[in-house]
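Participant: pasting the sequence and the predicted coordinates here, then a few questions.
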Amino acid sequence: MFLSVAKRCIANTKQHLKIVFFPPLPKLTGIQARTQLEAAIAIRDIKKVLVYSRNDINRKKFAEEMSEKLDLDVIPMDSPKKCVEKADIIICATNSRSPVIDADWLKPGVHINTVGPKSMNGHELPIEVAGKSSVISTDSLEQLRAYSTPHFLANTPYEQNIIQLSDIVTGKTPGRTSINDVTLFCSVGLSGTEVVVANEIMKLAEKYARI
């Protein structure tokens, strides 16, 4: 849910977007990967999806299944660099404890979501991505700082730049101010909050369905 809010609020508003998707490695190109992609498609006019995973069989299977389900071009790529260089939105949802992309591959205006590992002991994005980002946000600063192992931006020059996504949504803090801004969202996951919000949405849906 918060990942979708981040994509809506701080991702670029170009009409025709290419999204790069890094699903979980080895056998895990599953529920998380599919729901993340479906959420992105729901809130942005995505025209093409480029997918990379180290497992060739899994990425091809994922591309075939999601192409059919979403009626969209989902293309498996044989290198992460080829994906990232042209991407408007990047979703990293891996279980990799070492960076899966290089900050030098990012083009101006790209938005990145990191869903996977992001601690000092291992992180799917290089710290240099934060250095290129004009906006770094998270769904909960409190939870990010409460990790038993410090998050990957702790004790770096970029730690003080992390802001609460809700502050962007409410207008308290500006988000993207230029189409060339690189923006980064670090998801910590607030499953309890999401269940409560989803329940309220269901109540409203039922209410209006009776009108």
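Facilitator: That came through fine. Predicted, not measured: the structure shown is a model, and the values here were computed from it.
Participant: which residues in this structure form strands?
Facilitator: For the chain, the strands defined by DSSP state E cover 17-22, 46-51, 73-76, 89-92, 111-114, 118-119, 122-123, 135-138, 162-164, 183-186.
Participant: relative to Q36, which of the ones you listed is closest?
Facilitator: Q36 sits nearest to strand 89-92 of all the strands of the chain, at 5.5 Å, using CB to CB. All C-beta spots, glycine's among them, are computed from the backbone N, C-alpha and C.
Participant: just to revisit the earlier point, could you tell me the least trusted of the strands of the chain?
Facilitator: Among the strands of the chain, strand 17-22 carries the lowest mean pLDDT, a mean of 64.
Participant: lowest-confidence helix or strand of the protein?
Facilitator: helix 2-10 (a mean of 46; mean pLDDT, DSSP states H and E).
Participant: any chance of the strands of the chain in CSV, plus mean neighbour count and distance to W105?
Facilitator: Formatted as CSV, the strands of the chain follow (neighbours: other CB atoms under 10 Å; distance: least, CB to CB, whole Å):
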stretch, mean neighbour count, distance to W105
strand 17-22, 24, 10
strand 46-51, 21, 12
strand 73-76, 18, 17
strand 89-92, 26, 9
strand 111-114, 26, 11
strand 118-119, 18, 19
strand 122-123, 19, 16
strand 135-138, 24, 18
strand 162-164, 18, 22
strand 183-186, 26, 14
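Participant: cool, thanks, talk later.
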